[in-house]
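*Asks:* only geometry, no sequence info:
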Ligand SMILES: Nc1ncnc2c1ncn2[C@@H]1O[C@H](COP(=O)(O)OP(=O)(O)OP(=O)(O)O)[C@@H](O)[C@H]1O
């Protein structure tokens, strides 16, 4: 957690990350020259349409983009080089210090094991000096130490579930992932991040599998975790409303490129990239449109993104590279922090 770390040092530093996947006749570049930093205790968002590279770029932090090859000038977690790290050390960081909450929450849970067993395994395999370890140490020298440490671990699990909004802890622990709703599974994932006291939570579309009521609750929960534990949070979404509700900073991606980066308020009031402008206008019209309970919103959103693509194809300024804040291929990129978004052109 942040109290054990250098509070001045960025939590994540990414410089010119590119990710490629093999494709017939060569490869495709899913993420190109992406650069950003996350400061401790911040909530940032990556916004962009489906396929823009949001998930691949954030999974690549812990080398989780299966089948992809990552390249970066620099990729660091609290100063540690994530590009050249041994797999066992990366494995310790992944899921412990950097916790992922996936779009499909069942993706990260074992379908064949009860939730309780998964929590207990998580605590056993966690090598962090987390509060579970502190409990273990406090009971180490007592004759009834082992039993009491066990009790303490169980108590932590129950507390994490309660904190994540699942008060029926006994029942939840006996169930299997398929017996829980999407929202409950999402909360189980959040409880796991809480249990390990993750330093960074990367929440990939954390609300896409839940209804609008639960959506608000999950966003509030993430907000509370950030406030109470100082956890750095990166939210990945295609929904500007989520960004506006939670984040202080937003990175806008389009076609694997970062096109705009800055404080949410500033980007909302002075969007500089045509894609961001269109995105904001569409988001406003989406919100004003009535929403049917069955997810008509996503159909409208898909239509909006189609219109966006046509609008962008017509309106993207393609000036000489020297005039750009950061070169992102033929797309001009804008940083609201006067820092270059990326330093290299297309490959
Ligand atoms: N394993 C893979 N093999 C080949 N291409 C992949 C693979 N995983 C992702 N991609 C490609 O990388 C690109 C970026 O995908 P990514 O999942 O990051 O998009 P996204 O912005 O997160 O979209 P969504 O909101 O739909 O999750 C897409 O074109 C996708 O097809």
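*Replies:* Received the coordinates, thanks. Keep in mind that what you see is a predicted model, and the values were worked out from it rather than measured.

*Asks:* Residues in a beta bridge with the nearest residue to residue 27 once chain neighbours are set aside, which ones?
*Replies:* Excluding the flanking residues, the one nearest residue 27 by C-beta to C-beta, 6 or more residues apart in numbering is residue 20, at 4.4 Å. All C-beta atoms are positioned from the backbone trio N, CA, C, and that covers glycine. Counting by DSSP bridges, residue 20 is bridged to residue 29, residue 69.

*Asks:* residues in contact with residue 20?
*Replies:* With contact set as C-beta atoms under 8 Å, 6 or more residues apart in numbering, residue 20 has these partners: 27-30, 68-69, 71.

*Asks:* And it, how close does it get to residue 66?
*Replies:* 13 Å (C-beta to C-beta, to the nearest Å).

*Asks:* Tell me the buried residues in stretch 69-76?
*Replies:* Using 16 or more other C-beta atoms under 10 Å as the test for burial, stretch 69-76 gives 70-72, 75-76.

*Asks:* Which of those sits closest to residue 105?
*Replies:* Nearest to residue 105, judged by C-beta to C-beta, of the buried residues of stretch 69-76 is residue 70 at 24.7 Å.

*Asks:* quick one, what contacts the closest one?
*Replies:* Residue 70 neighbours (C-beta under 8 Å, 6+ apart): 17-19, 60, 63, 83.

*Asks:* Let's see which of those end up in strands.
*Replies:* Using DSSP state E, the subset of the contacts of residue 70 located in strands is 17-19.

*Asks:* okay if I get the buried residues of stretch 69-76 as TSV plus pLDDT?
*Replies:* Listed next are the buried residues of stretch 69-76 as TSV, based on pLDDT from 0 to 100:
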residue	pLDDT
70	94
71	94
72	95
75	96
76	96
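
*Asks:* Out of these, which two are the most distant from each other?
*Replies:* 71 and 76 (14.8 Å).

*Asks:* Please name the spatially closest residue to residue 22 (chain neighbours excluded).
*Replies:* Counting by C-beta to C-beta, 6+ apart, residue 22 lies nearest to residue 67, which is 7.2 Å off, once chain neighbours are set aside.

*Asks:* for residue 43, same thing?
*Replies:* That would be residue 233: by C-beta to C-beta, 6+ apart, it lies 4.5 Å from residue 43.

*Asks:* what about that neighbour, is that helix, strand or coil?
*Replies:* Here residue 233 is recorded as strand under DSSP: H, G, I helix; E, B strand; the rest coil.

*Asks:* Return the distance of it relative to the ligand.
*Replies:* Going from residue 233 to the ligand by C-beta to the nearest ligand atom, to the nearest Å gives 17 Å.

*Asks:* right, and residue 200 touches residue 39 too?
*Replies:* No - counting by C-beta atoms under 8 Å, residue 200 does not reach residue 39; the two are 11.3 Å apart.

*Asks:* Find the residues that touch each one of those two.
*Replies:* In terms of C-beta under 8 Å, 6+ apart, residue 200 and residue 39 are both contacted by the residues 11, 232.

*Asks:* Tell me which of these two has more neighbours.
*Replies:* Taking neighbours as other C-beta atoms under 10 Å, residue 200 and residue 39 compare with residue 200 leading, 22 against 15.

*Asks:* Now do the contacts for the more buried one.
*Replies:* Taking C-beta under 8 Å, 6+ apart, we find residue 200 in contact with 11-12, 38, 77, 97-99, 231-234.

*Asks:* Residues of this protein that sit close to the ligand?
*Replies:* 21, 30, 48, 50-56, 66-67, 238 (C-beta under 6 Å from any ligand atom).

*Asks:* Go through those residues and flag which are in strands.
*Replies:* 21, 30.

*Asks:* Now do the strands for the stretch 201-347 of the chain: every range, in order, please.
*Replies:* For the stretch 201-347 of the chain, applying DSSP state E, counting those that start in this stretch gives strands covering 232-237, 249-254, 257-263, 326-328, 331-335.

*Asks:* was I right about residue 36 contacting residue 258?
*Replies:* Yes - using C-beta under 8 Å, residue 36 is in contact with residue 258, at 7.1 Å.

*Asks:* where are the low-confidence patches of the stretch 51-200 of the chain?
*Replies:* Across the stretch 51-200 of the chain, the ranges flagged by pLDDT under 70 are 127-147.

*Asks:* all helices of it, in order?
*Replies:* In order along the chain, the stretch 51-200 of the chain carries the following helices (DSSP state H, counting those that start in this stretch): 54-59, 87-93, 115-125, 131-139, 145-163, 169-174, 182-195.

*Asks:* possible to save these as CSV with distance to residue 216 and mean neighbour count?
*Replies:* Output for the helices of the stretch 51-200 of the chain, formatted as CSV (distance: least, C-beta to C-beta, whole Å; neighbours: other C-beta atoms under 10 Å):
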stretch, distance to residue 216, mean neighbour count
helix 54-59, 22, 24
helix 87-93, 31, 14
helix 115-125, 24, 17
helix 131-139, 29, 16
helix 145-163, 17, 17
helix 169-174, 21, 16
helix 182-195, 11, 24
